[in-house]
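What follows is a predicted protein model with its sequence.
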Amino acid sequence: MRLTKKVMALALASCMAMSLAACGGGGSSTPTTAAPAPTEAATTAAPAGDDATDAETTATEAAGAVEGKDPSEIKVGISIYQFADNFMTLYREELKKYLVEEIGVKEENISIMDGKNDQGEQMNQIRNFITQGYDVMIINLVQASSEPTVTEECNAAGIPVVYINREPETEREQAWVDEGIKATYVGADARQSGTFQGEEIAELENKGDADGDGVVRYIMVQGDPENVDAQYRTEKSIEALTAAGVEVEELVKMRGDWDQTKGQEITANALSQHGAKIDVVFCNNDAMALGALQAIEAAGRTVNKDIYLVGVDALVEAVEHVTNDKMTGTVFNDYFGQAHTAADKAIDFVNGKEVDNVYMVDYVKVTKENAAEILELIK
Ligand code: GAL
């Protein structure tokens, strides 16, 4: 029941990429404040507001968790908001792998459904899990606003729920505690990823002012605006830039729904409308940044020379682009840490162990300095 070498190494790499003080600090991100630097990023998720546990503890917890019900008998129902999402594909593959290989859940006892970006469809899948007597659910909601209904139905059926990736309202997370409901959220604090994106631009020698006219003009390619990840990345990236004393002007802000083609279209239109004025393209995720890169290249612009481009997730292709100056930076959205924590907490619920209401896994900045190392580890 051990964490993979790869993940341990990734934690080390993120420590190496950051200051030693930050890594030794033992702090953690919380739902309310963005941590300035990741700590033990890839291996552990800290209960919000508590100190992070170390990797060994997490591994032990995973081992301990299987002492109750035999893991081979545990039935886990999973629904992902949409299989077509690049990042959530990596996440769900890791989740299944970890449940089977590390926890010992039988493959045939894991059901992973495609929510097809349709809340009604996902609701049916959840009701089927209830009817079929699943022991626990891991749910990546299509719409975070449906959480009260999902929680109510699962709770009435006595089935615990681990929400992932799309964070329910903070008040609801508190209500689970107050009402003794077996529900938790495992995710990453989107504020931190936005801040990291802004810092990556602010840390450039010219602070992102590609044309040197004293103002950083940018376009913002957003995910889906209902999602806090999209909201906070949009807000905090610019906040970090202005906090560094940079004057900014927003030229375009449009929703791209996390989708590469939409990222390409939005950027192409913005480039034809605003041309050389655009200094920076902020994308709420890497899939859209990959699309933006296609548009940037088609318009004859050169990343890191006359325009800057940042994303979030650290998809392999994006990190490769960071190593060879086709992207300025990205932010590692640690799906290893998130998937492992989600699985561990699901099993803890089944075995009647105490589970906190929120677990946050740190993001890691990815720039040219550490991109090659990060690539080695995620490939
Ligand atoms: C974000 C991720 C996006 C997309 C989204 C789905 O955390 O960065 O790429 O997967 O979740 O909710």
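Received it, and whenever you're ready, just let me know what you need.

Excluding chain neighbours, what is closest to the most centrally placed residue in the chain?
By CA atoms, centre = their mean, the chain has its centre lying nearest to residue 333, at 4.2 Å. Excluding the flanking residues, the one nearest residue 333 by CB to CB, 6 or more residues apart in numbering is residue 313, at 4.6 Å. In short, each C-beta sits where N, CA and C put it, glycine included.

okay, now that neighbour: neighbour count?
Using other CB atoms under 10 Å, residue 313 has 27 neighbouring residues.

Could you do the one 4 residues further on as well?
Counted with other CB under 10 Å, the burial measure for residue 317 works out to 15 neighbours.

wait, isn't it in contact with residue 289?
No. Under the criterion of CB atoms under 8 Å, residue 317 makes no contact with residue 289, lying 9.7 Å away.

at contact distance from the ligand, anything in the strand or helix carrying residue 345?
Per DSSP states H and E, residue 345 falls inside helix 335-350. No. Interface with the ligand: helix 335-350 contributes nothing (CB under 6 Å from any ligand atom), its closest point being 9.0 Å away.

what about the helix or strand harbouring residue 221, near the ligand?
In the assignment (DSSP H and E), residue 221 maps to strand 216-222. No. Applying CB under 6 Å from any ligand atom, one finds strand 216-222 out of contact with the ligand, separated by at least 11.1 Å.

circling back to that earlier point, what does the average pLDDT come to for the helix holding residue 345?
Regarding helix 335-350, the rounded mean pLDDT is 98.

Which strands or helices does it pack on?
helix 5-17, helix 55-65, helix 86-97, strand 136-139, strand 161-164, strand 183-187 (3 or more CB pairs under 8 Å, 6 or more residues apart in numbering; DSSP states H and E).

So what pairs up with the residue nearest to residue 333 in the strands?
residue 332 (DSSP bridges).

which ones are touching it?
By CB atoms under 8 Å, 6 or more residues apart in numbering, residue 313 lies in contact with 86-87, 285-287, 330-333.

redo that, cut-off 6 Å
Contact analysis of residue 313 by CB atoms under 6 Å, 6 or more residues apart in numbering lists 87, 285-286, 333.

Go back to those and keep what's next to the ligand.
Applying CB under 6 Å from any ligand atom, the subset of the contacts of residue 313 adjacent to the ligand comprises 87, 285, 333.

Give me the pLDDT for the residue in the stretch 151-300 of the chain that the ligand sits nearest to.
Nearest to the ligand in the stretch 151-300 of the chain, going by CB to the nearest ligand atom, is residue 285, at a distance of 3.4 Å. pLDDT, residue 285: 98.

just checking, it touches residue 258?
Yes. In this structure residue 285 lies within contact range of residue 258 using CB atoms under 6 Å: 5.2 Å.

Which residue of the two possesses the greater neighbour count?
Remark: of residue 285 and residue 258, residue 285 carries more neighbours, 31 against 28, as counted by other CB under 10 Å.

Can you point out the buried residues in stretch 264-274?
By neighbour count with 16 or more other CB atoms under 10 Å, stretch 264-274 contains the buried residues 264-268, 270-271.
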